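Q: give me the fold of what follows.
(one chain, ligands or ions: 2)
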Amino acid sequence: MHPTPHNHPPSLARPLSLPPLLKPQAPQPPQFATTSHLENNTPLRTLFLPSPLRHRFLSLASPQTAQNLETCGILAGTLLQNALFITHLIIPEQTSTPDTCEMTNEASLHTYCDTHDLMVLGWIHTHPSQTCFLSSRDLHTHVWFQMQLPESVAIVCAPSKEPSWGVFRLTDPPGVGVVRACEKPGIFHPHEEGRLFTDALGRPGHVVEYEELRFEVVDLRPMGKGRV
Ligand SMILES: [Zn+2]
Ligand SMILES: [Zn+2]
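A: Ligands and ions are numbered 1, 2, ... in the order given. Predicted coordinates:
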């Protein structure tokens, strides 16, 4: 007697598929290892920085630099295989002086990042006449970036000085805690505690320059032309 479908044991009558949890997993792509840590031992994922980015930023900033005015940009990108890649340099609307630079209309930056699925990975700014370091105001700006993402970096370009550029993060501890707790008045003020920030480029830092990493420049300033 031929078996009819309704006589099949239930396991054979069902389509030959497994419940989702039992499906064979696609092989996981290799993950980048973390080799750097905060001072409190929290691991930091590697952040890949396109080497030509700072040159491009400096050329965009040059009209401002020539007038002794700062320029700032936002570093944005993506997380891939446990590493962070800077893929966009965004120039936000801003106002500046010889030693400060302030984003205005932050909403347009957030809208751009949201619609392009980008993470904010740090910021870059010029010191037209100052040396390459993080001022007290820079420390207060950067602590917000680093609280959002511990790997966030601040790149400073000081084209008239040597060294002419640096990639920094706050130490943690003491930097993040000291700056968060600081309520000193004034844009610029001394912090007594030493070593509030450190170099993040190269070993033992978590930032690696990558010549071939492609990036886009987006100028959100009214005089900018969008993607350039
Ligand atoms: Zn600065
Ligand atoms: Zn302070």
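Q: number of nearby residues for Q146?
A: Each residue near Q146 was counted by other C-beta atoms under 10 Å, and the total is 22. (C-beta placed from N, C-alpha, C; glycine too.)
Q: part of a helix, is it?
A: Yes: note on Q146: a helix contains this position according to DSSP: H, G, I helix; E, B strand; the rest coil.
Q: ok, for it, nearest residue in space, not its chain neighbours?
A: S152 (4.9 Å; C-beta to C-beta, 6 or more residues apart in numbering).
Q: same question, S129
A: N68 (5.7 Å).
Q: touching, that neighbour and H127? I think so.
A: No: assessed by C-beta atoms under 8 Å, N68 is found out of contact with H127, at 10.3 Å.
Q: could you report the neighbour count for whichever residue of the chain sits closest to ligand 2?
A: Closest to ligand 2 within the chain is C182: 3.1 Å, counting by C-beta to the ion. Counted with other C-beta under 10 Å, residues neighbouring C182 total 15.
Q: which ones are touching the closest residue in space to it that isn't next to it in sequence?
A: In space, and not counting its chain neighbours, C182 is closest to H191: 6.6 Å by C-beta to C-beta, 6+ apart. Contact partners of H191, counting by C-beta atoms under 8 Å, 6 or more residues apart in numbering, are 136, 139, 178-179, 182, 184.
Q: how about the residues of this structure near ligand 1?
A: Within the chain, the residues that sit near ligand 1 (C-beta under 5 Å from the ion) are 135, 138.
Q: cross the contacts of H191 against helices and list the overlap.
A: 136, 139, 178-179 (DSSP state H).
Q: by neighbours, which of those wins?
A: Busiest of these [other C-beta under 10 Å] is V179, holding 25 neighbours.
Q: just the helices in this protein please.
A: 10-13, 53-66, 106-115, 136-148, 175-181.
Q: any idea how far I124 is from ligand 1?
A: Going from I124 to ligand 1 by C-beta to the ion, to the nearest Å gives 10 Å.
Q: now the residue nearest to C182: phi and psi?
A: The phi/psi pair for H191 (degrees, to the nearest 10) reads phi -110, psi 130.
Q: please report how far it lies from W123.
A: 20 Å (C-beta to C-beta, to the nearest Å).
Q: got it, and E212?
A: Distance from E212 to W123, by C-beta to C-beta: 23 Å.
Q: give me every residue that touches G175.
A: Contact analysis of G175 by C-beta under 8 Å, 6+ apart lists 139, 143, 195-198.
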